[in-house]
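*Asks:* using only what follows, build the 3D model:
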Amino acid sequence: MSIYEQYTPKQTEKHLESFLVDTLSYSMITAFSRNEKAFEMKYIYRQREKSSATSIAGSAYHWALERYFTAIQNGEEKLFDIVDMQQFAYDYIEERPAFIWKIQKTTPTVEDCKLKAIKLANSLLENFFKELTTYTEGVKHVLDTEVSFDQYLTINGVDIPIKCRGKIDNVFEIENGKTVIIDHKSKSIFSNEEEIKLSIGVQAIMYVLGYEKHSGGIRVDEVWFIENKHSKNKDGGKQLHKFVVVIDDNTRRLYEFLLYENIKRVLGAITDPDYIYLINSSDKLVDLAELYEFWAKTMIAEVDDFNVPDNKKELIKKRLKKIRDAEMASISPQIIKKFQENAAAFITYDLSNKNMNPSQKIEHVLTTFNKPVNVKHIFSGYSSDTYLLDVQMGIKITSIQAHKLDIANALDVENVRIAKDLVVHDGKSYLSIECVTSNSDILMWDKSKLVDKKIPLGEDNFGNVVVWDLDNQSTPHCLVGGGTGSGKSTELISILEYIKLAGITDVVILDPKMEFTKYANEFKVVNDILEIEEEMKSLVEEMNEKIKTGKKSMRIVIFDEFADAVLNSRKGSQLDIKEMVEEGFYKQSALEIMAQLPPSPKLKLKTVGQLKSLNDNLQILLQKGRSSGLRLICAAQRADTSIINGNSKANLPVQICFRVDKQVSSIVMIDEPGAEGLRGRGDGLLRSPQYPGTVRFQGYYYNG
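*Replies:* Predicted structure coming up:
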């Protein structure tokens, strides 16, 4: 056992304070050996790297193979075919955020990058299925798939002072009883076997030691590196090549020694805050202009300008100061800034590094696609900034939508939202582009925002309060959607507190997930699904009575997770009303006839009617409730089209959607995409008859 495993959490925390990073992986070790400055940029300052279409195609291929071998490991009867695998790869590629794509000369747009990635992934998967025996021949069992380890390891007899982590693609048991680790690699050309023999052994031993400890002692005998070459061989030869590394006692000692030498060098650097990481100008695998631009940034930027973990900020802040104290004696900040601009000028297709503000980047991207625009106004919101674009005559507004991923890529964000409708500001129409910010401010609940029964929902990017007017007959009911962490529940609580402040006391909360139990002493809170069904039936009966008598009073019904509740409620024969019904008489005996006894009736349990389902009663309330003063808030995490359909949304005119995972969920909730690109934490989209178009807003946070 490593000595570091015996540390208490407090000792571990103290121990790691002197390291610039907390873990070590093989990719980190090789990055340090190849180019120290690239290591510093990626692993110490956490500067996000963009990925080429080729790289993402390789990741998509890995993802598809993970699904394939997981199915085998789980003993599933139906194995995935090439069509299934292609779909897995396509989904992976489509879900990559805009900022991650590296724009290049051959792929000048994000869509071009995606098309190239799909083409390469297809090629890799076709090779895989044609030469599947490279993997399966002689294999007895799939023991593990996508194993992650994060362990203190002992290498070459030395306890490594920080955890080593890694991810292993597959572990097989082959027919001779040996255990084999598999690593998938996608390539444009095959590696030279003679050149990589020793280097690949170093990678193999890292996997072996990590897996053996993770598995509790399974001994690994071999490591297979299987390369898949996406470019076709001119001679028609095999596209898959298997490199086998035998792990016996002798090779273990050799590879551990070589691995430890590399780790020792890395440890020396990450424990020395004064260490100078050198740039390897001969490294063909990095963008040298980007690397020099990063160096310049370390000279003039602050630690908060990098994605440094909180527990390392103080250490790196001291490091920045020491480096600058040494460098600034001979080089002025003005010269460094000029150097940074010159370096950035060589990064032709990556605007995230250019010395431009966001407005200039938007204008530049669209101009390169022959769509000249001018950013006339900028409004800063809590979760997003809004840029109002003056589009020149002759440019189709809809054509700009096609470049929203390219704009996001330049702004270094996941996505941007381009509004379908134009925004009128100071009497002029503009195209609106919304971009998420890193702002961590919270929009606090404020009782002064309430006016009459206009329930404040939040504030838009122009600083206006957006409301749900309970007295407006055109906005009787409200739909609220959003995934986990999106701010949906927080919004419901904020609305409920404003409802209380407005003096409305008749509130019913249908709460199948039990998130509103704290209000049970103030309002009627129903949790059990059968009780929710009964409560909904009672609400319909009370509403009908109010309509008959002409009575009208404000009642709020909050139905949280209503889509799940409807799906889990009774349906079909479960709603049958059964009674014992008389069906004729039993034949009497002669004695019964002589005694003039009445015949005995035959009774049978029969269905005499059917209760209305939970969904039926909900639809009745939505359709007829407003005339009696009833107002419903229907909230859902699940965007189920069988529940949230056109008929139901016609009676839910106020529609709010917070962040969701997929574009289709946004379309289900608010009839348009966009919510998949929201930041979360109360960043939402609102559609209401009270407002033209779709409104981007930030929800209030109640901290009562």
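
*Asks:* contacts, neighbours, all on C-alpha from now
*Replies:* Fine.

*Asks:* hmm, which helix or strand of the protein has the shakiest average pLDDT?
*Replies:* helix 333-345 (a mean of 57; mean pLDDT, DSSP states H and E).

*Asks:* next secondary structure after that helix?
*Replies:* The first helix or strand that comes after helix 333-345 along the chain, using DSSP states H and E, is helix 358-368.

*Asks:* following element in sequence after that next one, please.
*Replies:* strand 373-380.

*Asks:* residues contacting whichever helix or strand comes after that next one, please?
*Replies:* Later in the chain than strand 373-380, the nearest helix or strand by DSSP H and E is strand 384-391. When contacts are defined by CA atoms under 8 Å, 6 or more residues apart in numbering, strand 384-391 is touched by residues 359, 371-380, 397, 423, 429-437, 461, 683.

*Asks:* low-confidence stretches in this structure?
*Replies:* For the chain, the stretches with pLDDT under 70 are 195, 197-198, 324-355.

*Asks:* name the residue most distant from the centre of it?
*Replies:* Met594 (83.9 Å; CA atoms, centre = their mean).

*Asks:* flag every buried residue along the host helix or strand of Lys213.
*Replies:* Using DSSP H and E, Lys213 maps to helix 193-214. Neighbour-count burial for helix 193-214 flags 198, 200-211, 213 (criterion: 16 or more other CA atoms under 10 Å).

*Asks:* one more: stretch 262-276?
*Replies:* Those would be Asn262, Ile263, Val266, Leu267, Ala269, Ile270, Pro273, for stretch 262-276 by 16+ other CA under 10 Å.

*Asks:* run the chain-centre distance for that stretch.
*Replies:* Remark: stretch 262-276 is offset 34 Å from the chain centroid, using CA atoms, centre = their mean, to the nearest Å.

*Asks:* contacts for that stretch next, please.
*Replies:* 18-21, 29, 32-33, 315-316, 318-319, 322-323.

*Asks:* what does stretch 485-495 give?
*Replies:* Against stretch 485-495 from outside (CA under 8 Å, 6+ apart): 445, 455-457, 480-482, 635, 658-660, 679-683, 699-702.

*Asks:* same thing with stretch 567-582?
*Replies:* 529-530, 533, 601-614.

*Asks:* now do it: distance to the chain's middle.
*Replies:* 42 Å.

*Asks:* which SS state does the residue nearest to Gly699 when sequence neighbours are not counted fall under?
*Replies:* In this structure, Gly699 finds its nearest non-sequential neighbour in Gly458, 4.2 Å apart by CA to CA, 6 or more residues apart in numbering. Under the three-state scheme (DSSP: H, G, I helix; E, B strand; the rest coil), Gly458 adopts strand.

*Asks:* what about Gly458, distance to Met536?
*Replies:* 29 Å (CA to CA, to the nearest Å).

*Asks:* higher neighbour count, these two?
*Replies:* Gly458 (27 against 22; other CA atoms under 10 Å).

*Asks:* hang on, isn't the more buried one packed against Tyr700?
*Replies:* Yes. Contact status for Gly458 versus Tyr700: in contact at 5.2 Å, counting by CA atoms under 8 Å.

*Asks:* what is in contact with these two at once?
*Replies:* Shared contacts of Gly458 and Tyr700, counting by CA under 8 Å, 6+ apart, come down to Leu443.

*Asks:* out of the buried residues of helix 193-214, which is nearest to Gly625?
*Replies:* Of all those, Gly625 sits closest to Tyr211, with 61.8 Å by CA to CA.

*Asks:* wait, that closest one sits on Gln151?
*Replies:* No. In terms of CA under 8 Å, Tyr211 does not count as a neighbour of Gln151; the distance is 9.4 Å.

*Asks:* partners of the residue nearest to Gly699 in the sheet?
*Replies:* Val466, Gly699 (DSSP bridges).

*Asks:* Ile667 versus that one, what's the distance?
*Replies:* Distance from Gly458 to Ile667, by CA to CA: 22 Å.

*Asks:* can you check His241 too?
*Replies:* 45 Å.

*Asks:* picking that back up, what's in contact with the helix holding Lys213?
*Replies:* 26, 147, 149-151, 153, 164-168, 181, 218-220, 223, 243, 245, 247, 252, 255-256, 258-259.

*Asks:* and with 6 Å instead?
*Replies:* By CA atoms under 6 Å, 6 or more residues apart in numbering, the list of residues contacting helix 193-214 from outside reads Ile218, Tyr255, Leu259.

*Asks:* pick the one among the residues you listed closest to Asp506.
*Replies:* For these, the nearest to Asp506 is Ile218 (64.0 Å; CA to CA).

*Asks:* does the closest one belong to a helix or a strand, and which?
*Replies:* Using DSSP H and E, Ile218 falls within no helix or strand.

*Asks:* for the nearest residue to it once chain neighbours are set aside, give its distance to Thr437.
*Replies:* Distances taken as CA to CA, 6+ apart place Glu212 nearest to Ile218, at 5.4 Å, with adjacent residues excluded. For Glu212, the distance to Thr437 equals 44 Å [CA to CA].

*Asks:* doesn't Lys321 fall inside a helix?
*Replies:* Yes. The assignment for Lys321 is a helix, going by three-state DSSP.

*Asks:* burial measure for it, as a count.
*Replies:* Neighbours around Lys321, by other CA under 10 Å: 14.

*Asks:* please apply the same query to Val21.
*Replies:* Neighbours of Val21 (other CA under 10 Å): 19.

*Asks:* name the element it belongs to?
*Replies:* Secondary structure (DSSP H and E) places Val21 outside all helices and strands.

*Asks:* please pick the buried ones from the contacts of stretch 262-276.
*Replies:* Using 16+ other CA under 10 Å as the threshold, Phe19, Leu20, Val21, Ile29, Phe32, Ser33, Leu315, Ile316, Arg319, Ile323 are the buried ones among the contacts of stretch 262-276.

*Asks:* checking the closest residue to the last one other than its chain neighbours next. Helix, strand or coil?
*Replies:* This means Ile323. The shortest distance from Ile323 to any non-neighbouring residue, by CA to CA, 6+ apart, is to Asp274 (7.3 Å). Here Asp274 is coil, with the state taken from three-state DSSP.
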